[in-house]
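Visitor: take a look and give me a structure for this.
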Amino acid sequence: MSDQRTARDHGTVIREFLDLFARKDAAELAPYFAEEIVFENYGSPVIRGRDQVVGLWDGVFSSMERVEFTTLRQAVDGDTVIAEQIHGLALPGRPLAAIRNMAVYRMRNGQITEWRDYTNAEYARTLL
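Guide: This next block holds a predicted model:
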């Protein structure tokens with residue numbers, strides 16, 4: 001089946017996806033991922049497969065008191081969505097740390113097949 005979604009639809013899917021992070025329920029993210037998703041967080045090992053990516057976020061959510069992702073700007077080109085974001089993360093008892101991030105998503109049939117996050121991890125650690 002070919003991907004019938006428009007560029008606008010891809011952008012909407014990503015915004016809806018990011019809104020879910022505040023709920024801290026990794027299972028709610030699963031439908032947004034293609035079975036064969038590849039997730040690459042700059043400087044970390046590549047994670048392959050829906051279950052593995054959901055498991056990663058389950059671990060992140062369990063260690064954070066609060067999670068708030070905000071999109072500052074977003075551009076869509078065909079099946080690719082590029083988003084400038086603030087990843088708000090708060091460890092228990094700590095204030096929300098605003099971590100700048102650039103994300104690139106590849107879409108197919110309304111699901112994310114590739115997700116690359118570019119964050120300065122060293123700087124992020126100083127905020128958490």
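
Visitor: and the spatially most central residue of the chain, helix, strand or coil?
Guide: For the chain, residue 18 is the residue whose C-alpha lies nearest the centre (C-alpha atoms, centre = their mean; 6.4 Å). Following DSSP: H, G, I helix; E, B strand; the rest coil, the label given to residue 18 is helix.

Visitor: and the one 10 residues further on, by the same measure?
Guide: Assigned state for residue 28: helix (three-state reduction, three-state DSSP).

Visitor: isn't the residue nearest to the centre of the chain right next to residue 87, touching?
Guide: No: shown here, residue 18 and residue 87 do not form a contact pair, counting by C-beta atoms under 8 Å, at 9.5 Å. All C-beta atoms are positioned from the backbone trio N, CA, C, and that covers glycine.

Visitor: returning to what we had before: ok, the residue nearest to the centre of the chain - contacts?
Guide: Counting by C-beta atoms under 8 Å, 6 or more residues apart in numbering, residue 18 makes contact with 69-71, 83, 85.

Visitor: list residues touching both of residue 18 and residue 87?
Guide: residue 69.

Visitor: and residue 17, how many neighbours?
Guide: 20 (other C-beta atoms under 10 Å).

Visitor: which residues sit in contact with the nearest residue to it once chain neighbours are set aside?
Guide: The shortest distance from residue 17 to any non-neighbouring residue, by C-beta to C-beta, 6 or more residues apart in numbering, is to residue 32 (4.7 Å). Contact analysis of residue 32 by C-beta under 8 Å, 6+ apart lists 13, 17, 20, 111-112.

Visitor: cutoff 7 Å now
Guide: For residue 32, the contacting residues are 17, 111-112, by C-beta atoms under 7 Å, 6 or more residues apart in numbering.

Visitor: what of residue 111?
Guide: Residue 111 neighbours (C-beta under 7 Å, 6+ apart): 32-34.

Visitor: out of those, who's nearest residue 79?
Guide: Here the nearest of the contacts of residue 111 to residue 79, counting by C-beta to C-beta, is residue 34; it sits at 11.7 Å.
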